[in-house]
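Student: Whatever this is, show me its structure:
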Amino acid sequence: VWGFASVYARILLTPATVLMFRAHSVPRPKDGVFGETLLDVNPKVAHDGALVASGTLSSVDPDRLLIKRIVLTGAPISVSKRTAVVRHMFYRPEDVRWFKPVQLYTKHGMTGNILDAHGTKGYMKCTFDGHIKNHDTVCMSLFKRQYPPFDAKAFGEDPSSIEATSGY
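Tutor: You can find the predicted model right below:
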């Protein structure tokens with residue numbers, strides 16, 4: 001199985017071998033006293049030895065983005081050649097007007113655009129580049145940037161101070 005991962009790490013040069021181990025908290029002796037737990041990102045913490053994945057470093061690119069795609073779907077209720085009224089994609093006319101510039105596509109390969117909101121229930125009037133069928137599904141792809149999770153304990157910072165300044 002192929003996959004990609006994004007991490008905060010020291011700068012490495014390609015080609016480099018990457019080994020991923022299971023992450024968990026283990027007790028670490030501090031001045032002979034057990035009780036403090038740290039994540040195994042810290043090199044002073046012992047690993048349990050469970051290898052999860054191995055591979056090679058593909059690139060070191062700070063401009064590479066992780067993008068999550070969400071697909072909104074709707075069903076045409078009234079079809080007239082290239083024009084259709086679509087429901088179940090939005091539930092307010094304000095949302096229809098907000099997403100008006102985004103291109104639509106159907107499961108059968110046609111592309112289209114939103115003309116305007118139709119009524120107060122979130123229905124929308126759309127036009128397509130070909131004849132649309134009643135049993136077709138209208139889709140809209142939305143993209144969102146994803147950030148890798150930041151663990152303050154792994155970097156030796158106080159998590160309460162970060163949460164207070166992040167605005168959440």
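
Student: check contacts around residue 102.
Tutor: Taking Cβ atoms under 8 Å, 6 or more residues apart in numbering, we find residue 102 in contact with 114, 140, 141, 142. For glycine as for every other residue, the C-beta is placed from the backbone atoms N, C-alpha and C.

Student: Can you select the buried ones from these in ChimeraX?
Tutor: ChimeraX command restricting the contacts of residue 102 to the buried ones, with burial defined by 16 or more other Cβ atoms under 10 Å:
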select :114,140
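
Student: Out of the contacts of residue 102, which sit inside strands?
Tutor: Members of the contacts of residue 102 lying in strands (criterion: DSSP state E): 114, 140, 141, 142.

Student: CSV please, covering those residues and showing distance to residue 85 and pLDDT.
Tutor: Shown next, in CSV, are the ones in strands among the contacts of residue 102 (distance: Cβ to Cβ, whole Å; pLDDT from 0 to 100):
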residue, distance to residue 85, pLDDT
114, 11, 95
140, 15, 95
141, 21, 95
142, 21, 94
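
Student: ok, back up a step: tell me the one of the contacts of residue 102 nearest residue 129?
Tutor: Taking Cβ to Cβ as the measure, residue 129 sits nearest to residue 114 out of the contacts of residue 102, at 14.0 Å.
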